[in-house]
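> dropping the sequence and predicted coords here.
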Amino acid sequence: MHSFLPVTKKEVEKLGWENIDVILFSGDAYIDHPAFGSAVIARIIESVGLKVAIVPQPNWQDDLRDFKKFGKPTLFFAVTSGNMDSMVNHYTANKRLRSDDAFTPGNKHGARPDYAVNVYCNILKKLYPDVPIVIGGIEASLRRLCHYDYWSDHLKPSILLESKADLLLYGMAEKTLIELLEKLKNGISFQQIKEHVQSAIVLNEKINQKHILLPSYEECLNDKKAFALAYRLIEENSSQKEPEILVQKHGDKYVTVFAPALITSNELDSYYQLPYTRQPHPKYQKKEPIPAFEMIKNSITIHRGCFGGCSFCSLAIHQGKFIVSRSLQSIEKEVDTLSQMDYFKGHISDLGGPSANMYRMNGINEELCKKCKRPSCIYPNICANLETNPSHLLELYRKVRAKKNIKKVTIGSGIRYDIHIRQLKNKIHAEYLKELIIHHVSGRLKVAPEHIHEQVLKLMFKPSFDLFKEFYIFFENINRQHQLKQQIIPYFISNHPGSTIECMVELSQSLKKMNIKPEQVQDFTPTPMTLASVMYYSGINPYTLKPVYVAKKMYERQLQKELFFWYLPDNKKQIEQKLLSLQKKHLIKYFKR
């Protein structure tokens, strides 16, 4: 049985350690499982022969004993907000404080501060001004350059400046962390590190290498078009397989972002084969369950990256556009490990990734990908250079299903059905969809058409709603043929840039005709470093520099969301009243029948 990494002074003493090389502060509870970033980073540090301790959810409001208990590390402090941006974790799309936190025992709110990375770093800098701080995780990654912060309704500078951290590792940074640790072990100091792959750093002068100079923070503050242009340059650069260095001036400093590290399938396998216990730390045994662990414990990640390019999603900016897949052997090994866990009852709840069906889908000629600036490989059409054959995925599904202790394998991640619906003439795509529907749906299949209106879908980088209708018919036909009682759960977004009240009325009427009654919908939340967030803030499409309609008044935002629930009797009166107040009387007729 593998042992947990230490979180208390007693555990460190029991190990006989006189010092700790890296002390990791995280906004999440410590769950030693590869789905949780803090565990992966800590295990990576351990794997190169260094001593690491974790401080999960430190108390920042008392005498700061959590920040002092281990003293100084010999190398650096590592800081992350956890698996989510702390502001997304804390607030709804309407900026209301949430009462829950899935990464905390008992789903209890209040275990981490707003802007957790900044808060943790500023405390550490006051206590230990001479100790370097390395930040990472989703919050740091997506705030590495000038970004729009929805909760303060303000353009913020790079998180490096507000946090006072010394180095930022963005994205899924295992490989770049290993390289950093090797440099430090070899005696190179932080002061000497002026260039490091997949990192961001603040320099006093512009780097003397080829780079893209973005509009400065001050230019973005003063001109929304400059901010829109900056984002376009960032996205186009990150969409290439060989991106350039990005530089953005902030005052008299230069925030410099180096190109990402490309990892291999073998390297990805190695990160998942580290000695995780796959359990929450024993300190939580007498506490209530941690919802995020309960949700993820029986699932397995098979790849990372997403080439979908949805404008409201930050996956490609964080994980990368290009798919890196684990080997079949590595996945099978993890399935075998999972099947031996006491909590496993035979049902794998997900065998997926950001989009579950992108496993081993890559460029046919990867030379063409090196300078391609398309943010999406499948919108507005499927790139001719993209290999979309799902045969590897079918092989994986069949091998896992055949294993002795596996009773059921379902796909909990969403799938990009449009990849296969566009290519149904090719038998392998029809075969994949049939096998998915017959064997891998746990009663409900999640898909995300997101909207119906063409002008909104265009801004989302999402395909026509007609493809969803086609898939819906295909799904129902397979259910009838095999006497299955299964449902499609379509995901939709209200208040996305471009979406008007008229667009939402059209969407609600289409759902009504299809007898689809949404139970849960997503109200658009402008999160840092997404195309949609830039449009929300600026009112400009960065790719055309033309105006985009944005719903910002809370009254209208509430109505757009309520229109999804046209079928609820209590909602009809509210919809009618709000349409009248917004001088949309002509739309009331659609809700009278």
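Cool, the structure landed. For clarity, every value in this text was computed on a predicted model and none was experimentally measured.

> how is the chain partitioned into domains?
With automatic domain parsing serving as the domain definition, the record reports that the chain contains domains spanning 9-195, 298-442, 443-593.

> of all these, which lies closest to Thr256?
The closest of the domains of the chain to Thr256 is domain 9-195. By CB to CB, the value is 8.2 Å. C-beta: built from backbone N, CA, C; applies to glycine.

> want to throw the domains of the chain into TSV with mean pLDDT?
Listed next are the domains of the chain as TSV, based on pLDDT from 0 to 100:
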stretch	mean pLDDT
domain 9-195	97
domain 298-442	96
domain 443-593	91
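
> need these in JSON lines (columns: distance to Ser238 and mean neighbour count).
As requested, the domains of the chain are exported to JSON lines (distance: least, CB to CB, whole Å; neighbours: other CB atoms under 10 Å):
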{"stretch": "domain 9-195", "distance to Ser238": "9", "mean neighbour count": "19"}
{"stretch": "domain 298-442", "distance to Ser238": "6", "mean neighbour count": "18"}
{"stretch": "domain 443-593", "distance to Ser238": "10", "mean neighbour count": "17"}
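
> distance of Arg304 relative to Arg144?
Separation of Arg304 from Arg144 (CB to CB, to the nearest Å) stands at 19 Å.

> same check on Leu396?
34 Å.

> repeat for His250
From His250 to Arg144 the distance is 12 Å (CB to CB).

> quick check: neighbours shared by these two?
Jointly contacting His250 and Arg144 under the rule CB atoms under 8 Å, 6 or more residues apart in numbering are Ser158.

> Throw the domains of the chain into CSV and include distance to Glu236, thanks.
Rendered in CSV, the data for the domains of the chain read as follows (distance: least, CB to CB, whole Å):
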stretch, distance to Glu236
domain 9-195, 14
domain 298-442, 4
domain 443-593, 9
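
> nearest to Glu288, of these?
Between Glu288 and those, the tightest spacing by CB to CB is seen for domain 9-195, at 3.4 Å.

> quick one, helices of the stretch 201-350 of the chain?
Secondary structure of the stretch 201-350 of the chain (DSSP state H, counting those that start in this stretch): helices located at 217-222, 224-238, 265-272, 291-296, 315-319, 328-339.

> the stretch 351-500 of the chain now?
According to DSSP H, counting those that start in this stretch, the helices that the stretch 351-500 of the chain contains are 391-401, 417-421, 427-439, 454-460, 465-481.

> may I see those helices arranged in JSON lines, with distance to Leu180 as well?
As requested, those are exported to JSON lines (distance: least, CB to CB, whole Å):
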{"stretch": "helix 391-401", "distance to Leu180": "33"}
{"stretch": "helix 417-421", "distance to Leu180": "37"}
{"stretch": "helix 427-439", "distance to Leu180": "40"}
{"stretch": "helix 454-460", "distance to Leu180": "37"}
{"stretch": "helix 465-481", "distance to Leu180": "44"}
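
> right, so of those, which gets closest to Leu531?
helix 454-460 (8.4 Å).

> what comes into contact with the closest one?
Surrounding helix 454-460, the residues in contact under the criterion CB under 8 Å, 6+ apart are 310-312, 450-451, 463-465, 493, 496-499, 503, 532, 535, 541, 548.

> right, I'll leave it there.
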